[in-house]
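K.L.:
Give me a 3D structure for the following:
(2 chains)
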2 protein chains.
Amino acid sequence: MKIGVLGGDGYCGWATALYLSQQGHDVAILDSYVRRHWDFELGVQTLTPIQPMPPRLRAWERISGRRVEAFQGDITDYGVLASFLQTFRPDAVVHFAEQRSAPYSMIDREHAVSTQVNNVVGTLNLLFALRELLPDCHLVKLGTMGEYGTPNIDIEEGYITIEHNGRKDVMPYPKQPGSFYHLSKVHDSHNITFACRIWGLRATDLNQGVVYGTLTGETALDEALINRFDYDEVFGTVLNRFCAQAAIGHPLTVYGRGGQTRGYLDIRDTVRCVELACLHPAAPGEFRVFNQFTEQFSVLDIARLVESSAKKLGLRVEIDHIPDPRVESEEHYYNAKHSKLIELGLEPHLLSDSLLDSLINVAMKYRDRIDASLFMPRVNWRNTRNERRASAPPLERVAVRANGDGQRRGRKG
Amino acid sequence: MKIGVLGGDGYCGWATALYLSQQGHDVAILDSYVRRHWDFELGVQTLTPIQPMPPRLRAWERISGRRVEAFQGDITDYGVLASFLQTFRPDAVVHFAEQRSAPYSMIDREHAVSTQVNNVVGTLNLLFALRELLPDCHLVKLGTMGEYGTPNIDIEEGYITIEHNGRKDVMPYPKQPGSFYHLSKVHDSHNITFACRIWGLRATDLNQGVVYGTLTGETALDEALINRFDYDEVFGTVLNRFCAQAAIGHPLTVYGRGGQTRGYLDIRDTVRCVELACLHPAAPGEFRVFNQFTEQFSVLDIARLVESSAKKLGLRVEIDHIPDPRVESEEHYYNAKHSKLIELGLEPHLLSDSLLDSLINVAMKYRDRIDASLFMPRVNWRNTRNERRASAPPLERVAVRANGDGQRRGRKG
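P.N.:
Presented below is the predicted three-dimensional model:
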């Protein structure tokens, strides 16, 4: 089928675009490349040396014989989005094109506002564009398990039957998100629910857990296809960060007691879940919610798994508990349902020693690119103004860094 | 106490500002006057001839001996908002400063986006400003009963205890709003909940029903203090519109079967509820929700009450059922709790014959200002692009109208 991937240059988007192409789907990408800009803004970079889009796509065509077309543009610009949809006319549109970092949204007011405006306006534009141009196109939207928060009851997939004062109704599951980013996804979910109801659009919300891993069958084929591996405190996800820390002998930075429990999944399952959603579209008017993760772990569980694997590889690993920069429960009940994607055919890649080995090995391969100053959290939920990393180094030091091996000289002099 | 009223030039805001001033509170207003601009945009005007802010405030000072200061500015501009809060340093800030019309938000994509951005960004700015400048100031936020939608179970005040699979939790009441405007209020509620939790802010969300009436003890004191009376399809609320229709012998326009049931309240209760919330502030970190209405009616109930009152005044009234421009249930269960404000001391002004008489009399007094073309709905929820009223009349006719009594001549010639 024809599948448009909005945000196809990002961590999940790139892996998904290639996987869908490999499965024989006709894939086109729309991306503004703003994610790469945010790296520059923060003074961080992916551990893995990702290529710009044109060489990425040339490599993919050379290796696979398949062509993926990429369009540059921002979906907060309605004209750009409408033009993409009219040109490509997808059967399904997968929407990754949002600011997806909780810490980024918590830097300060400007980042909170820009995250919510970017995400809400992009999704509103998409809803209007689908209704106006492609009313039968299936919207596959990336949500997050973080929309639910950590309630003291089981988390269902999007809806819950409530009995109250002798009456009963199926209601949207109440949302208690934990950052301005997570809130933006909650806003999206409400907007999409409404659009499905009034306009008969078909949508699937994939409430995704924390994604780990970097290799998929496709991105592993060639160095030019390599995917992002973010390990910094703002865009890095926890397992990736722990592997990068283990690779250079840095203590694993567990926030608080580490009892924060979440759903996790391998990026190879992300790409398959998206395909399953596309292959089994929601009905017209249906807003369907799948919880997209395969296993639950606490942060401390994850740290111990990395510690154990790293030790087998001969690495010395310590676990540090540092003050939690987030406002969240460090111990809590957590039991989230996740059967709908399994019922559609997902065969999970559970977190294994071999995956951990592979991840740590990727981190070791690129260890020279690791900047250990990026590990420690600077964005504290309790502050309304957090120092942005890029503004931290004095101008002189930045100037020296730009001069090849000048960094060492700069430090000495 | 010192109370800042954001949006103090609007229908509820103006009445509230004067009432609070009359009660002896020190009141300051911040308003961008964009509500008046929206009237021009749509080619509509309030039935009652409202004055600009300076003569309003001069009249209030002359009559009451009390001074209310008004600042001009838009809360989506953080600098303006911060300056207002730093200058006035209120104990409580009442937040009416949002786009509050469901049909306005449903005109087209631009209006949906501008409504959500305006409301969400304004409220985000306010949360950041309170945390940074006045962390103990009590936020009294105007929400809407429309956030809940029409579930098949009783509607509670903000929270519901859910028992599920043998466990129990108190959760935010699930929201099923019915327009992009109502969605913006749901987004706000989630954002405020989060800010209270992470920053210890104190907030009360007043989920207000449909407000009717135009006179309060204060606005009735002088013609220069007169409040808005909106009767058009976009900003008019249903009871006010029916009274305007009755006053000129126009059929009452009931949408669909008219079984749409909502909570209603007299504007004299609006102002008292706001004061009660201010006098009994939420605790630090608390996000408190009050359902602010006094009675439930269906649209058809309201039409029949107006019909009956109008007939006693010798007016001929018919009830028309026209196709519902909204996507909503025309018959449904509705039972919403509203005891918390009563417990704080609210003594409701229930909808009475004398209130209806008074409202119809106001409409008759200003009947020459009624434009009957504004009654019929043009904004249909099912369309993504609705014709805006102001763009409807051909340019020539507008030009003729501008020429004094030229309207009649224009029609003949």
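
K.L.:
now stretch A:192-206, how far from the chain's geometric center?
P.N.:
With Cα atoms, centre = their mean, to the nearest Å as the basis, stretch A:192-206 stands 22 Å off its chain's centre.

K.L.:
Stretch A:301-312 too?
P.N.:
The answer for stretch A:301-312 is 23 Å, by Cα atoms, centre = their mean.

K.L.:
Just the mean pLDDT for it, thanks.
P.N.:
Per-residue pLDDT over stretch A:301-312 has a mean of 98.

K.L.:
Could I get the CA-only coordinates of it as CSV?
P.N.:
Provided in CSV are the C-alpha atoms of stretch A:301-312 (Å, rounded to 0.1, in the frame of the first residue of the first chain):
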residue,chain,number,x,y,z
ASP,A,301,15.6,-3.1,36.3
ILE,A,302,17.1,-1.6,33.1
ALA,A,303,20.2,-0.4,34.8
ARG,A,304,20.8,-3.8,36.3
LEU,A,305,20.3,-5.5,33.0
VAL,A,306,22.9,-3.2,31.4
GLU,A,307,25.2,-3.7,34.3
SER,A,308,25.0,-7.4,34.0
SER,A,309,25.6,-7.5,30.2
ALA,A,310,28.4,-4.9,30.4
LYS,A,311,30.2,-7.0,33.0
LYS,A,312,30.1,-10.0,30.7
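
K.L.:
count of residues packed around residue A:136?
P.N.:
11 (other Cβ atoms under 10 Å in any protein chain shown). Where C-beta positions appear, they are placed from N, C-alpha and C, glycine not excepted.

K.L.:
Which residue ranges of chain A form helices?
P.N.:
Assigned by DSSP state H, the helices in chain A fall at A:11-22, A:34-42, A:53-64, A:78-88, A:102-105, A:109-133, A:180-199, A:238-247, A:267-279, A:299-312, A:340-343, A:353-365, A:395-401, A:406-412.

K.L.:
Columns distance to residue B:261 and mean neighbour count on top of those, output as CSV?
P.N.:
As requested, the helices of chain A are exported to CSV (distance: least, Cβ to Cβ, whole Å; neighbours: other Cβ atoms under 10 Å in any protein chain shown):
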stretch, distance to residue B:261, mean neighbour count
helix A:11-22, 44, 26
helix A:34-42, 46, 17
helix A:53-64, 54, 16
helix A:78-88, 36, 18
helix A:102-105, 38, 23
helix A:109-133, 28, 22
helix A:180-199, 19, 24
helix A:238-247, 48, 27
helix A:267-279, 37, 24
helix A:299-312, 48, 19
helix A:340-343, 35, 17
helix A:353-365, 55, 18
helix A:395-401, 63, 12
helix A:406-412, 69, 11
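
K.L.:
could you dump those to a markdown table with distance to residue B:369?
P.N.:
Converted to a markdown table, those look like this (distance: least, Cβ to Cβ, whole Å):
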| stretch | distance to residue B:369 |
| --- | --- |
| helix A:11-22 | 56 |
| helix A:34-42 | 50 |
| helix A:53-64 | 60 |
| helix A:78-88 | 38 |
| helix A:102-105 | 48 |
| helix A:109-133 | 35 |
| helix A:180-199 | 34 |
| helix A:238-247 | 63 |
| helix A:267-279 | 55 |
| helix A:299-312 | 65 |
| helix A:340-343 | 57 |
| helix A:353-365 | 72 |
| helix A:395-401 | 63 |
| helix A:406-412 | 74 |
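
K.L.:
Next up, the contacts around residue A:170.
P.N.:
Residue A:170 is in contact with A:159-162, counting by Cβ atoms under 8 Å, 6 or more residues apart in numbering or on different chains.

K.L.:
between those residues, which is nearest residue B:181?
P.N.:
Nearest to residue B:181, judged by Cβ to Cβ, of the contacts of residue A:170 is residue A:159 at 24.1 Å.

K.L.:
Contacts only, for that closest one.
P.N.:
Residue A:159 sits next to A:170-173, A:289 when contact means Cβ under 8 Å, 6+ apart.

K.L.:
Now that you've got those, can you turn the buried subset into something I can paste into ChimeraX?
P.N.:
Restricted to buried positions by 16 or more other Cβ atoms under 10 Å in any protein chain shown, the ChimeraX selection for the contacts of residue A:159 reads:
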select /A:171,172,173,289
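
K.L.:
Which single one of the contacts of residue A:159 is nearest to residue A:321?
P.N.:
Checking the contacts of residue A:159 one by one against residue A:321 (Cβ to Cβ), the nearest turns out to be residue A:173, at 31.8 Å.

K.L.:
which stretches of the stretch 251-400 of chain A have low pLDDT?
P.N.:
A:388-400 (pLDDT under 70).

K.L.:
Contacts only, for the residue of it found nearest chain B.
P.N.:
In the stretch 251-400 of chain A, the residue that lies nearest chain B is residue A:327 (4.2 Å; Cβ to the nearest Cβ). Residues near residue A:327 by Cβ under 8 Å, 6+ apart: A:178, A:381-382, B:197-198.

K.L.:
Need the max-distance pair from the residues you listed.
P.N.:
Longest span within those, Cβ to Cβ: A:178 and A:382, 13.1 Å.

K.L.:
Tell me which of the two has more neighbours.
P.N.:
More crowded of residue A:178 and residue A:382, by other Cβ under 10 Å: residue A:178, with 23 against 13.

K.L.:
roughly how far apart are that one and residue A:304?
P.N.:
23 Å (Cβ to Cβ, to the nearest Å).

K.L.:
Tabulate the contacts of residue A:159 in a markdown table, adding columns for distance to residue A:309.
P.N.:
Shown next, in a markdown table, are the contacts of residue A:159 (distance: Cβ to Cβ, whole Å):
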| residue | distance to residue A:309 |
| --- | --- |
| A:170 | 43 |
| A:171 | 42 |
| A:172 | 40 |
| A:173 | 35 |
| A:289 | 34 |
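
K.L.:
which one of the contacts of residue A:159 sits closest to residue B:369?
P.N.:
Scanning the contacts of residue A:159 for proximity to residue B:369, where the rule is Cβ to Cβ, the winner is residue A:172, at 43.1 Å.

K.L.:
Residue B:173 is in contact with that closest one, correct?
P.N.:
No - applying Cβ atoms under 8 Å, one finds residue A:172 not in contact with residue B:173, separated by 10.4 Å.

K.L.:
Out of the contacts of residue A:159, flag the one nearest to residue A:154.
P.N.:
Nearest to residue A:154 out of these is residue A:173 (Cβ to Cβ; 10.0 Å).

K.L.:
quick one: contacts for that closest one?
P.N.:
Contacts of residue A:173 by Cβ under 8 Å, 6+ apart are A:148, A:155-156, A:158-160, A:289, B:174.

K.L.:
Also residue A:201?
P.N.:
A:127, A:130-131, A:135, A:139, A:192, A:195, A:284-285.

K.L.:
Those: which ones sit near chain B?
P.N.:
residue A:131 (Cβ under 8 Å from any Cβ of the partner chain).
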